[in-house]
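In: what shape does this take:
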Amino acid sequence: MAPSAPDVRPIVIDTDPGVDDALALMLALRSPEVRVDLMTTVAGNVPVDQGTDNACRLLTLLNADPWPPLVRGAAHPLNQSLETATHIHGDDGLGGLTRLVQPDGTPMFPLPDHPPVGQGAAQHLIERAEAEGPALTIVALGPLTNIAQALRQAPDTMRRVGHL
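Out: Next comes the predicted model:
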């Protein structure tokens, strides 16, 4: 039985989109039990700019409707240098998906035209925590840098989040 509207849980997905996160995004965006209110990106599997581009491609590929706000987050870990997993996920993080071309040479999965991606993931996490409080679940698929920054900036607000 599909849940009724009040049973739909608001979630934020904090991600470093590689091939592993692509499946999680697919499941979340198609689930009748959750509503993706925000996606934030973080450096991890790939640098944050590539991960943000990957999130845009995945949202387009999955026909996300509505398209959740997408916010670029931390480009580097808090206390060490960035080590990506491109040796596992490919240089684009999606196993070479961005290099696939049509017979005419045009990209199969071009970067979509979409409203600009926001900046400042930690602040957006804080705002969602203020708005939803205990009803909010943050699904952390990548390094916890954005969440750590939000906790440093607004510890009392972030403690109100229902689930991480």
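
In: could you say which helix or strand holds residue 56?
Out: Per DSSP states H and E, residue 56 falls inside helix 48-61.

In: off-centre distance for that helix?
Out: From the chain centre to the centre of helix 48-61 is a distance of 9 Å (CA atoms, centre = their mean, to the nearest Å).

In: what's that helix packed up against?
Out: Helices and strands touching helix 48-61, by 3 or more CB pairs under 8 Å, 6 or more residues apart in numbering; DSSP states H and E, are helix 19-30, strand 34-41, strand 70-72. Glycine gets a C-beta too; all of them are placed from N, C-alpha and C.

In: try 10 Å
Out: Counting contacts by 3 or more CB pairs under 10 Å, 6 or more residues apart in numbering; DSSP states H and E, helix 48-61 is packed against strand 9-15, helix 19-30, strand 34-41, strand 70-72, helix 86-89.

In: now do the shortest one: everything it contacts.
Out: I take that to be strand 70-72. Under the criterion CB atoms under 10 Å, 6 or more residues apart in numbering, residues 12-15, 38-43, 48-49, 51-52, 55-56, 59, 64, 114-125, 146 lie in contact with strand 70-72.

In: mind doing that once more with 8 Å?
Out: 38-41, 48-49, 52, 55-56, 59, 117-121, 124 (CB atoms under 8 Å, 6 or more residues apart in numbering).

In: what lines up beside the worst-scoring helix or strand of the chain on mean pLDDT in the sheet?
Out: Lowest by mean pLDDT, DSSP states H and E among the helices and strands of the chain is strand 118-119, with a mean of 88. Strand 118-119 sits in its sheet next to strand 70-72 (parallel), going by DSSP bridges.

In: what's the closest non-adjacent residue to residue 153?
Out: Ranked by CB to CB, 6 or more residues apart in numbering and with sequence neighbours excluded, the top spatial neighbour of residue 153 is residue 122, at 5.8 Å.

In: likewise for residue 126?
Out: Closest to residue 126 by CB to CB, 6+ apart is residue 154, at 4.6 Å.

In: neighbours of the one you found, how many?
Out: Using other CB atoms under 10 Å, residue 154 is surrounded by 18 other residues.

In: where's it relative to residue 121, distance?
Out: 13 Å (CB to CB, to the nearest Å).

In: report the buried members of the contacts of strand 70-72.
Out: Buried by 16 or more other CB atoms under 10 Å: 38, 39, 40, 41, 48, 52, 55, 56, 59, 117, 121, 124, out of those.

In: redo those residues as CSV? Include pLDDT and distance to residue 29.
Out: Below are the buried ones among the contacts of strand 70-72 laid out as CSV (pLDDT from 0 to 100; distance: CB to CB, whole Å):
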residue, pLDDT, distance to residue 29
38, 96, 13
39, 96, 10
40, 97, 15
41, 97, 15
48, 96, 21
52, 94, 17
55, 94, 11
56, 93, 13
59, 93, 8
117, 83, 17
121, 97, 19
124, 97, 18
